[in-house]
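Enquirer: Could you work out the structure for the sequence below:
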Amino acid sequence: MPKQDRSRATRQRLLAAAVACLAEHGWAGSTVSVVAERAGVSRGAAQHHFPTREDLFTAAVEYVAEERSTALRALFPQGTAADDRRAVVSALVDLYTGPLFRAALQLWAAASNEEQLRPRVTELEARVGRETHRIAVDLLGADESRPGVRETVQGLLDMARGLGLANLLTDDAGRRDRVLTQWAALLDDALG
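Expert: Alright, predicted model coming up:
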C-alpha cells in the first residue's frame, strides 16, 4: 500500500476511534493515548496526524458528521423526498441518536468549560448545523422563500436534537415514533 494511502487509513482509524472513545468515555476519559491504543497506532503516530487533543476530537466529529451527511443524501438519491416526509423526518432524527451524537455532545459539554476548545467546537457546530439544514431543506423539498419555512425546518432539527437528548437516558423509541408521525403531518401542512 502506498505511503499516502497508509497515512489516510491511519488517520481514518484514529478519527473513528476518537468518536467511539468520546461516546463511551466522555471528554475526561478520552486522551490521545487512549485513542491511539484503540486505533492500533503509536501515540507518536497519532500526534503526527493531530498535534493536539483538540485537533483530534474536533476533526473526528467533523469527519463522522461528513460521513453521516453523505449517507443521509444517499438514502434519498433523487434528492427531494417530499412524497415521503415521514421517512425524511425519521432519517434526520436518526442523526441525533447513536454514537456520533453522543460524541458531539461530549465535545459540546467539554467546550462549555474549556476555553481553548470552545471557539473550535462553536465553529464546527455552526458548519455542521448549516450543512444539516441544507440537506433537510433539499430532502423535504422546502421552499425557504415562503414565510416561516426556514423556521419550520430549523424547528424540526431542534426537535430532532431534543429527541436525541431524551434517548441518551432511556430508549425513547415509542414516544419518538409518535412525535415523528405528528411532525411529518405538520410539515406536510407547513410545506405544502
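
Enquirer: Next, name the residue at the spatial heart of this protein.
Expert: Ala65 (4.3 Å; CA atoms, centre = their mean).

Enquirer: From Ala142, how far off is that one?
Expert: Counting by CB to CB, to the nearest Å, the separation of Ala65 from Ala142 is 21 Å. Where you see a C-beta, it was placed from the backbone N, CA and C, and this is true even at glycine.

Enquirer: could you pull out the helices for the chain?
Expert: With DSSP state H as the criterion, the chain has helices at 3-25, 32-39, 43-49, 53-75, 85-94, 99-113, 118-140, 149-169, 173-191.

Enquirer: The residue nearest to the centre of the chain and Leu100 touch, don't they?
Expert: Yes: counting by CB atoms under 8 Å, Leu100 is a contact partner of Ala65 at 6.8 Å.

Enquirer: Common neighbours of these two, please.
Expert: Shared contacts of Ala65 and Leu100 (CB atoms under 8 Å, 6 or more residues apart in numbering): none.

Enquirer: burial of Glu123, as a residue count?
Expert: 11 (other CB atoms under 10 Å).

Enquirer: Ok, Leu14 next?
Expert: 24.

Enquirer: Not counting sequence-adjacent ones, nearest residue to Arg150?
Expert: Glu144 (4.7 Å; CB to CB, 6 or more residues apart in numbering).

Enquirer: How about the contacts made by the one you found?
Expert: 137, 150, 153.

Enquirer: quick one on the thing from earlier: same list (the helices of the chain) but as CSV, adding mean pLDDT.
Expert: Formatted as CSV, those follow (pLDDT from 0 to 100):
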stretch, mean pLDDT
helix 3-25, 90
helix 32-39, 96
helix 43-49, 94
helix 53-75, 86
helix 85-94, 89
helix 99-113, 86
helix 118-140, 91
helix 149-169, 91
helix 173-191, 89
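
Enquirer: In terms of pLDDT, where does the residue nearest to Arg150 sit?
Expert: Note on Glu144: pLDDT of 94.
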